Structure formats: C-alpha cells, structure tokens
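> Everything below, folded, please.
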Amino acid sequence: MRVTGVVQAGGKSSRMGGAPKALLELGGRRLIERVVGVVGEVVDDVLIVTNTPDLYRFLNLPMVPDVFADHGSLGGIYSGLAAAPGEAAFTVACDMPFLHAGVARLVVGRAGEADVVIPRADDQLQTLHAVYGKGCLPHMEARLRAGRLKVSGFFDEVCVLEVPEAEIARHADPALVFMNLNTPEELERARAMITDE
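Model (predicted):
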C-alpha cells in the first residue's frame, strides 16, 4: 500500500504570537524540516497542507491549500488525504519536534489493516500522528459540511485500529513523540530538551 506523508502547516499560531510555528528553529533546524526529515524516512512521498505556500517553497515539496477554509485539523487532514497520490495518508502536525521514525513506521506499517490507524497515548487518540485511508474521505466531508469538526467524530463509521501506548513505548517515550509546541514556553522547554537527543 502506498502511503503519502502529509504535514499540516495551516494553523494560525495564535498562541505562539502569530509567527508560523513551522519555521521556528530548534536545534539549528526549522521545526518543519525536522518533521519532514522523519516523515520522509518512512513514506514514499510527502506533501504539505498550507495556505501560505511561499513560506515553504524552500522545501521543494508539493503543497495543497485547505479545501475547507478555517475548518481546523479535520479540514487539514481531509485536504491532505484528498490530494495524496497514495491510498492512504500518514498525517502529522508541523510542530512535533520529537517525531520518531520507529514510531512512525509502526503506525504506517499497519496502514492496510484499517481505515484509520491511530496511536493512543496518555489516554488520548493522537489524531495528528495517524494514517487515514481514502475510504475516510466521504465521512470527513459530510462532517466538514455540517460544521462538526471533531476529528474522531466519524470514527464510528469506519474501521479504526488503535496502536496501544505500550507498543509505542518500546520505540520511544510517547510523551516526547506526540509533544507539540503551541506556546513560547513549550518551545523553550523543547529547546532545553534538544541537547538530550
């Protein structure tokens, strides 16, 4: 099964002061470069969902805009999946500095087993570190058109495979892998941790 990597870079970064989170530096590299580097190790091709493509041209990757403007993470996931040339999309956020190739491979490797393959950690489904198959598109679209934007809202209509925290922990610390950066304080904390990589 061909899985396309989809990096979500369409957020407004309001809690980070408005600067695009994806371009913030961490350990000498921009966040999005770190994320694309890991995703590119695991999948056949990578694309970026963004409404500001000029910011990311330096990556030389295909880019697509949100199909449904201002429809949150569900809108971004839908846009990337609809544009993906593969049968499924491994979707991640652009602000996850400690993505781990082993964990990504664990999730992507099970792509053919369900419509959604998603890790559960800290008793939460990690919707922005998950594989979504093309069969999810009509269910996502119906929710988007109805303004019901909770990502997991359509899960009872498709086949979902959860990857348990214990499996993830064999590869890396789940608290780190799924960490995302929303505030300057979180960015500083990540910068302090980067020396431990």
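> host element of the closest residue to residue 59 other than its chain neighbours?
Nearest residue to residue 59 in three dimensions, chain neighbours excluded: residue 36, at 6.2 Å (C-beta to C-beta, 6 or more residues apart in numbering). Using the backbone N, CA and C atoms, a C-beta is placed for each residue, glycine as well. Using DSSP states H and E, residue 36 falls within helix 31-42.
> Check which helices and strands the helix or strand just after that helix sits against.
For helix 31-42, the following helix or strand on the C-terminal side (DSSP H and E) is strand 45-49. Where contact means 3 or more C-beta pairs under 8 Å, 6 or more residues apart in numbering; DSSP states H and E, strand 45-49 is packed against strand 3-8, helix 31-42, strand 63-64, helix 72-83.
> hmm, 6 Å instead?
Packing partners of strand 45-49 (3 or more C-beta pairs under 6 Å, 6 or more residues apart in numbering; DSSP states H and E): strand 3-8, helix 31-42, helix 72-83.
> now these in JSON lines, with mean neighbour count and mean pLDDT?
JSON lines is the format used below for the helices and strands packed on strand 45-49 (neighbours: other C-beta atoms under 10 Å; pLDDT from 0 to 100):
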{"stretch": "strand 3-8", "mean neighbour count": "26", "mean pLDDT": "96"}
{"stretch": "helix 31-42", "mean neighbour count": "20", "mean pLDDT": "94"}
{"stretch": "helix 72-83", "mean neighbour count": "22", "mean pLDDT": "96"}
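> returning to that earlier point: would you mind measuring from the residue nearest to residue 59 to residue 65?
Between residue 36 and residue 65 the computed distance is 18 Å (C-beta to C-beta, to the nearest Å).
> now swap in residue 96 and tell me
21 Å.
> what residue is smack in the middle of this structure?
Nearest to the geometric centre of the chain sits residue 92, at 1.1 Å (C-alpha atoms, centre = their mean).
> Perfect, I'm done here.
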